[in-house]
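A.B. asks: here's a sequence, model it:
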Amino acid sequence: MTFGTYGETVSHLLDRRARKKAQTREQIRSIAHRLFAERGFDNVPIADIAREADVAVQTVFNHFATKEDLFFDGRVPWVDGPAAAVRARGASVPPLTALRGYLVELVGSLVASMATAERRCYVATVEASETLRAHERELVFEAERRLTVALTEAWSDAAAPGPRPADPAIAAALIAAVWLSAARVLVVEQRPRVGAGARPQELAAHVESIAAAVLGKFEATAALTAGPSAPDQHTGWPPAAQRAG
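C.D. replies: Alright, predicted model coming up:
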């Protein structure tokens, strides 16, 4: 009984500390995001965030490695989302089909979110800071890296449905770069349209249809990189062009 009580006490303390840590992290993030929105990213030092949150500067860095990490925290689901969609797909779903479905939904949701003042403020803050734009590019590269790994892993499974490229590593890197770039362009190009008065929901439906068509074409031509296991697959290219390639 004594050991049981002790164990319950330790567990309770650990749970309370975890809750306290999570609350502190959320408080820091909430205050930082408010200050960034009010004053701009480059005009808010970490010391001001710490003072408003009533914590030490080191406490902020204990939760967030950099100020850029603090700004983007919770705002960039697309960094791990594409890779997660590939890994979480059903057993009968080809990797590229899962990726296409995720990206079509993603571009629509990101454009639709421009209807909120919070999202418009987020975009304006990023565009006003070269530091944030540079960090956002790093996040894009990280998303590509994670997706490349996920696709390579998927194609290493002999039971995975769909065409398998002859060189999975190169195909995965190429697809990650091209597909994510296409999705990003579709989202970014809508920002000035929203600023000019276009309705985000209408734009969202428009970009979803474009994404579905473009990525559908990409998926259909994936057989261009298929290995010997799919020699009879039609690529859409004339025979002479296939030999030349």
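A.B. asks: and the strand or helix carrying Ser109, what other elements does it pack with?
C.D. replies: Taking DSSP states H and E as the criterion, Ser109 maps to helix 95-112. Packing partners of helix 95-112 (3 or more CB pairs under 8 Å, 6 or more residues apart in numbering; DSSP states H and E): helix 81-87, helix 130-155, helix 168-188, helix 200-220. Bear in mind the C-beta positions are built from the backbone N, C-alpha and C, glycine included.
A.B. asks: where does the most centrally placed residue in the chain fall, phi/psi-wise?
C.D. replies: The centroid of the chain falls nearest to Trp78 when counting by CA atoms, centre = their mean (1.1 Å). Reported as degrees, to the nearest 10, the phi and psi values for Trp78 are phi -70, psi -10.
A.B. asks: residue contacts, it?
C.D. replies: By CB atoms under 8 Å, 6 or more residues apart in numbering, Trp78 lies in contact with 106, 110, 143, 180, 183.
A.B. asks: then Ala176?
C.D. replies: 82, 143-145, 147-148, 151.
A.B. asks: same question for Arg133.
C.D. replies: Counting by CB under 8 Å, 6+ apart, Arg133 makes contact with 126-127.
A.B. asks: check what pLDDT it gets.
C.D. replies: For Arg133, the pLDDT comes out at 96.
A.B. asks: before we move on, the earlier item: looking at the contacts of Trp78, state which has the most neighbours.
C.D. replies: Greatest neighbour count in these, by other CB atoms under 10 Å, goes to Ala183: 24 neighbours.
A.B. asks: that one against Gly108, yeah?
C.D. replies: No - under the criterion of CB atoms under 8 Å, Ala183 makes no contact with Gly108, lying 10.4 Å away.
A.B. asks: what do the two both touch?
C.D. replies: In contact with both Ala183 and Gly108: Ala211, using CB under 8 Å, 6+ apart.
A.B. asks: picking that back up, now a ChimeraX select for only the buried ones of the contacts of Ala176.
C.D. replies: This is the ChimeraX syntax for the buried subset of those, where burial follows 16 or more other CB atoms under 10 Å:
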select :82,143,144,147,148,151
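A.B. asks: and the two most separated of the contacts of Ala176?
C.D. replies: Spatially, the most separated pair among the contacts of Ala176 is Ala143 and Leu151, at 12.4 Å (CB to CB).
A.B. asks: endpoint to endpoint, stretch 180-197 covers what distance?
C.D. replies: This stretch, stretch 180-197, spans 27 Å end to end (CA to CA, to the nearest Å).
A.B. asks: mind listing residues that contact it?
C.D. replies: For stretch 180-197, using CB under 8 Å, 6+ apart, the contacting residues are 78, 82, 103, 106-107, 110-111, 114, 120, 123, 127, 140, 143-144, 147, 198, 200, 203, 207, 210-211, 214-215, 218.
A.B. asks: what of stretch 13-27?
C.D. replies: With CB under 8 Å, 6+ apart as the test, stretch 13-27 has contacts from 53, 55, 59, 63.
A.B. asks: pick out whichever of these sits closest to Pro163.
C.D. replies: Pro163 lies nearest to His63 out of the contacts of stretch 13-27, by CB to CB, at 43.8 Å.
A.B. asks: residues contacting the closest one?
C.D. replies: 24-25, 28-29, 70.
A.B. asks: of all those, which comes closest to Pro168?
C.D. replies: Comparing these against Pro168 with CB to CB places Leu70 closest, at 36.3 Å.
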